[in-house]
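Colleague: Need a 3D model of the following:
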Amino acid sequence: MAAADLFDLAVLVLMIICVVSIARTRDLVKASVLFSVYSLVLCLLWVHRSAPDVAMTEAAVGAGITVALFLYVITRVGRQEK
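Modeller: Next comes the predicted model:
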């Protein structure tokens, strides 16, 4: 197995862990932070696949703006899911 395949497998495992953790948590702030981590791991995958423009967009929108909006809304509606 080549090093690139091992990297892809590691990124895939990290993404699955993030997604399962997001689905299982009831704390909305924790879910938002995990979503940010998921987005940053996805950025690594895009850079590895030689798509730096897509990686920068994912970092800006996925890990930056979206999470900031999530956190703003959470401060308005409450932290815990009912």
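Colleague: what about dumping the CA coordinates of stretch 24-43 to PDB?
Modeller: Coordinates of each C-alpha in stretch 24-43 appear next as PDB, following Å, rounded to 0.1, in the frame of the first residue of the first chain:
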ATOM      1  CA  ARG A  24     -24.200  11.600  18.600                       C
ATOM      2  CA  THR A  25     -23.500  14.800  20.500                       C
ATOM      3  CA  ARG A  26     -26.300  16.800  22.100                       C
ATOM      4  CA  ASP A  27     -24.200  19.900  22.700                       C
ATOM      5  CA  LEU A  28     -24.600  22.300  19.800                       C
ATOM      6  CA  VAL A  29     -21.300  24.100  20.400                       C
ATOM      7  CA  LYS A  30     -19.400  20.800  20.400                       C
ATOM      8  CA  ALA A  31     -21.200  19.800  17.200                       C
ATOM      9  CA  SER A  32     -20.200  23.100  15.600                       C
ATOM     10  CA  VAL A  33     -16.500  22.600  16.600                       C
ATOM     11  CA  LEU A  34     -16.600  19.100  15.300                       C
ATOM     12  CA  PHE A  35     -18.000  20.400  12.000                       C
ATOM     13  CA  SER A  36     -15.100  22.800  11.800                       C
ATOM     14  CA  VAL A  37     -12.700  19.900  12.400                       C
ATOM     15  CA  TYR A  38     -14.400  17.900   9.700                       C
ATOM     16  CA  SER A  39     -14.100  20.800   7.300                       C
ATOM     17  CA  LEU A  40     -10.400  21.200   8.000                       C
ATOM     18  CA  VAL A  41      -9.800  17.500   7.500                       C
ATOM     19  CA  LEU A  42     -11.700  17.800   4.200                       C
ATOM     20  CA  CYS A  43      -9.300  20.600   3.300                       C
END
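Colleague: quick one: buried residues of that stretch?
Modeller: 28, 31-43 (16 or more other Cβ atoms under 10 Å). C-beta coordinates here come from the backbone N, C-alpha and C atoms, glycine included.
Colleague: Pick the one among those closest to Cys18.
Modeller: Tyr38 (3.9 Å; Cβ to Cβ).
Colleague: Outside of the host helix or strand of that closest one itself, which residues are in contact with it?
Modeller: Secondary-structure element containing Tyr38, defined by DSSP states H and E: helix 28-48. Counting by Cβ atoms under 8 Å, 6 or more residues apart in numbering, helix 28-48 makes contact with 4, 7-8, 11, 14-15, 18-19, 21-22, 25, 52, 54-56, 58-59, 62-63, 66-67, 70-71, 74, 78-81, all of which sit outside it.
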